[in-house]
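> Could you look at this predicted model? Sequence included:
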Amino acid sequence: MKGYESFGLLRMLVPIYFGCIGFVFAISEDLWGTVGTISQSEIGNSKRRRRIIRWVAFILGLPILFICLRLGVPMMMDLPGIMAGEYRSVEGRVTDYIYGMEEGGRAITGQLTVEDSSGKLYTVLSIHVPGFIEKGDRVKMDYRKYRTTGVIREINGTAFEEFGKRHWGLFRIITRYLLFSMPVYSFYMLKWRYKRDRKNNYSICIYHDSFVRSIWAVGILRLQSVVVMVMAVIGIYGIILEVYWGLLVSGNYLGIVCLSTLRNKKLILKEDKFYYRNFKQEVEGKIEEIEFVERRKASVGDYSE
């Protein structure tokens, strides 16, 4: 298959998946202020005006989130089937298409819609569509269960392509991401980021227990996802494993949302005042109003100058 499926899936999956993650983190920062520090320009600005801007950004961003989930979730649900080499087939006529690149060119995939003998339409989002295909052509198409990737096996009775055996390159990319993403994120948040922030505004990073536990929980979910991928590659794949994979995908999305709302809060010290922001509120007061600061092993990191 010359790598068309792997390239096409990654070309769509990477921006959609990370776009969804970026949206959740960005909205949590803009809407509730849980991600970044409180900049000095924000201090003293109208809270009402900021909230209006944040809610407008949230409402306008909802369609983007819907598109990411609508396209991204089926793609991720297809991954174990791709690793296991599972696919379905349909024969019919072409009703709509978007051209891909011709043979010998860069592996950019198109989109194809096929109508079977009963009138049912089958649309595959990532498939190599040659430049010579036309509406009305008879094709045999192999596709993954959730129709995110596929190949045209025959065009008007002439053999064209077939699925490859195993997508080892795709397998390595995905498993490495699942294995190392949370350890890297944990190191960045808990060990490195506060050093950068404290130079800017002398902030105190406060890590809540629930945030630290959520990092571990998402990390465990991703380790289990690696196990599912390995099982699929060696041929252990069925409805039970598919359902379990669906639960892991859902848990991963929920974990991202949870981390976005629990990321370290910021306590800013400026002259004789302090400013604190968390998920629910923004607090402003004088330094002498702070009664005590308690440092615990997992929940509070008192890093200030």
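Perfect, thanks for sending it.

> In a strand, V94, correct?
Yes. Counting by DSSP: H, G, I helix; E, B strand; the rest coil, V94 is part of a strand.

> Let me see the contact set for it.
112-114, 133-137, 139 (CB atoms under 8 Å, 6 or more residues apart in numbering). The way it works is simple: take the backbone N, C-alpha and C, and place the C-beta from them, glycine included.

> Would you convert those residues into a markdown table that also reports secondary structure, pLDDT and distance to S260?
Rendered in a markdown table, the data for these read as follows (DSSP: H, G, I helix; E, B strand; the rest coil; pLDDT from 0 to 100; distance: CB to CB, whole Å):
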| residue | secondary structure | pLDDT | distance to S260 |
| --- | --- | --- | --- |
| L112 | strand | 92 | 36 |
| T113 | strand | 94 | 36 |
| V114 | strand | 95 | 40 |
| I133 | coil | 89 | 43 |
| E134 | coil | 90 | 47 |
| K135 | coil | 92 | 45 |
| G136 | coil | 92 | 48 |
| D137 | coil | 93 | 47 |
| V139 | strand | 95 | 44 |
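
> quick one, strands of this protein?
Using DSSP state E, the strands of the chain run over 88-98, 110-115, 121-127, 138-143, 150-155, 158-159, 204-206, 265-270, 273-277, 282-286.

> Distance to I64 for the ones you listed - can I get that in JSON lines?
As requested, those are exported to JSON lines (distance: least, CB to CB, whole Å):
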{"stretch": "strand 88-98", "distance to I64": "22"}
{"stretch": "strand 110-115", "distance to I64": "20"}
{"stretch": "strand 121-127", "distance to I64": "18"}
{"stretch": "strand 138-143", "distance to I64": "27"}
{"stretch": "strand 150-155", "distance to I64": "26"}
{"stretch": "strand 158-159", "distance to I64": "41"}
{"stretch": "strand 204-206", "distance to I64": "30"}
{"stretch": "strand 265-270", "distance to I64": "26"}
{"stretch": "strand 273-277", "distance to I64": "25"}
{"stretch": "strand 282-286", "distance to I64": "26"}
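
> if we compare these, which one ends up closest to N252?
Evaluated with CB to CB, the strands of the chain place strand 121-127 nearest to N252, the distance being 21.0 Å.

> And stretch 245-261, what's buried?
245, 248-249, 251-253, 255-256, 258-261 (16 or more other CB atoms under 10 Å).

> Which of the residues you listed sits closest to M189?
Out of the buried residues of stretch 245-261, the member with the shortest distance to M189 (by CB to CB) is L259, at 9.0 Å.

> can I assume the closest one is in contact with A217?
No. Counting by CB atoms under 8 Å, L259 stays clear of A217, with 9.4 Å between them.

> Can you tell me the number of residues neighbouring F18?
F18 has 12 neighbours, counted by other CB atoms under 10 Å.

> okay, it: pLDDT?
Looking at F18, its pLDDT is 72.

> what do you get for L125?
Looking at L125, its pLDDT reads 86.

> Apart from its chain neighbours, what residue comes closest to it?
T148 (5.2 Å; CB to CB, 6 or more residues apart in numbering).

> now S6
Per CB to CB, 6+ apart, closest to S6 is L170, 4.3 Å.

> so which of the strands of the chain comes closest to I236?
strand 88-98 (19.6 Å).

> where does the protein have low pLDDT?
Low-confidence segments of the chain, defined by pLDDT under 70: 1-4, 7-8, 23-51, 53-54, 57, 100-108, 193-208, 263-271, 275-283, 290-305.
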